[in-house]
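Engineer: show me the folded form of this:
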Amino acid sequence: MKNNNSQLESQEFKSKLSECVIERICTERVTPKSKLYFCLREVLVWILWAISVVVGILAVSVTVYVYLHTHFSIYEATHDTFILFAYEALPYLWLGVFVLMTVLAIIHLRCTKHGYRHSLIKLTVSSILFSIFGGVLIYYTGFGHILDTKLGKMIPMYKSLETREMSLWQMPEEGRLVGVYTKVDGEESPYIIFRDYAGEVWIINTADLFERDIELLTTEAQVRVIGVVIDSVGMNFHACGVFPWMYDKTYMPMDEMAKERREFLQRVYAQKSRVLNKAKELESEVFDNEVNKPMGLCAELAIVRRIEESMR
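Structural biologist: A predicted model of the protein is given here:
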């Protein structure tokens, strides 16, 4: 008797359940979907994941490119401290893109057929490591520089590293010029003609430059020049140092960038020592003020003061 009642109750429950399911199917207009639909859905999810990862890798490659050039840059010439320089130079846009793409990659992985089997931490760590590894690899091909430069030329609102550095270095009033050597102003003259990035023509006094600086300056390649404006109307500039323009290369090895920075520091100290030695040698002689003034200009540059303060 009890068994019969149990069977009846079970049948009634199944009947009600079936009615509820049918009613819901009719209400929500649920229709059967083929296996092909779910296969295509799975493929689409993986494609979206791949896009997220690729964009994340590109973001890392540009970030690495900007970071390395920032790390080895001559920041003392443009900023008081490295922290201030790094704050202005870091590619916040690309860091934001990397974070966003990592989140999207995790979401897409969770939506795959077996995505639920993996923990959130595992997916997060694997996505970040994959993007970083791929980004560093892409950077060594020079693509980080290419992407950053191309976007800077194609999108007016996007400022590439080269554009930002150019805006920092093409500031004559701050003692910084970017441009190319044109010609010598007379035979055996310490003056040369220099055309800057803005198209202005300067007469540069190279008397205080080292031989290496003069060789670099006269290669006709684009260079950076540190010094002092003597006459803004006559476009006269007293040069104290010349450095290569590193932002037009697709890839520059870290050891080469580190070497360039070491040589820069050595030349700054050598420049100051040379000026002090000249002052001692000429201490007993009588010179006109206009002659004495340029000899002390290089030692009084803000960049020399900043380097001395950082070394204390």
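
Engineer: what about residue 237, neighbour count?
Structural biologist: Counted by other C-beta atoms under 10 Å, the residues lying close to residue 237 total 25. To be clear about C-beta, it is placed using only N, CA and C from the backbone, and glycine gets the same treatment.

Engineer: before we move on, what about residue 82?
Structural biologist: 16.

Engineer: surely it touches residue 74?
Structural biologist: No: look at residue 82 against residue 74 with C-beta atoms under 8 Å: they stay out of range, at 11.0 Å.

Engineer: can you classify the residue nearest the centre of the chain by secondary structure?
Structural biologist: Ranked by distance to the mean C-alpha position of the chain (C-alpha atoms, centre = their mean), the top residue is residue 66 at 1.8 Å. Recorded secondary structure, residue 66: helix (DSSP: H, G, I helix; E, B strand; the rest coil).

Engineer: with adjacent residues omitted, what lies nearest to it?
Structural biologist: What sits nearest to residue 66 in space, not counting adjacent residues and going by C-beta to C-beta, 6 or more residues apart in numbering, is residue 91, at 4.7 Å.

Engineer: ok, now how distant is that neighbour from residue 59?
Structural biologist: Distance of residue 91 to residue 59, computed by C-beta to C-beta, to the nearest Å: 8 Å.

Engineer: OK, contacts around residue 190?
Structural biologist: Residue 190 makes contacts with 205-207, as judged by C-beta atoms under 8 Å, 6 or more residues apart in numbering.

Engineer: what about burial for these, which qualify?
Structural biologist: Among those, those classed as buried by 16 or more other C-beta atoms under 10 Å are 205-206.

Engineer: out of the contacts of residue 190, which are inside strands?
Structural biologist: If you go by DSSP state E, the contacts of residue 190 have residue 205 in strands.

Engineer: including distance to residue 238 and pLDDT, could the contacts of residue 190 go into TSV?
Structural biologist: Conversion of the contacts of residue 190 to TSV gives the following (distance: C-beta to C-beta, whole Å; pLDDT from 0 to 100):
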residue	distance to residue 238	pLDDT
205	5	91
206	9	89
207	8	86
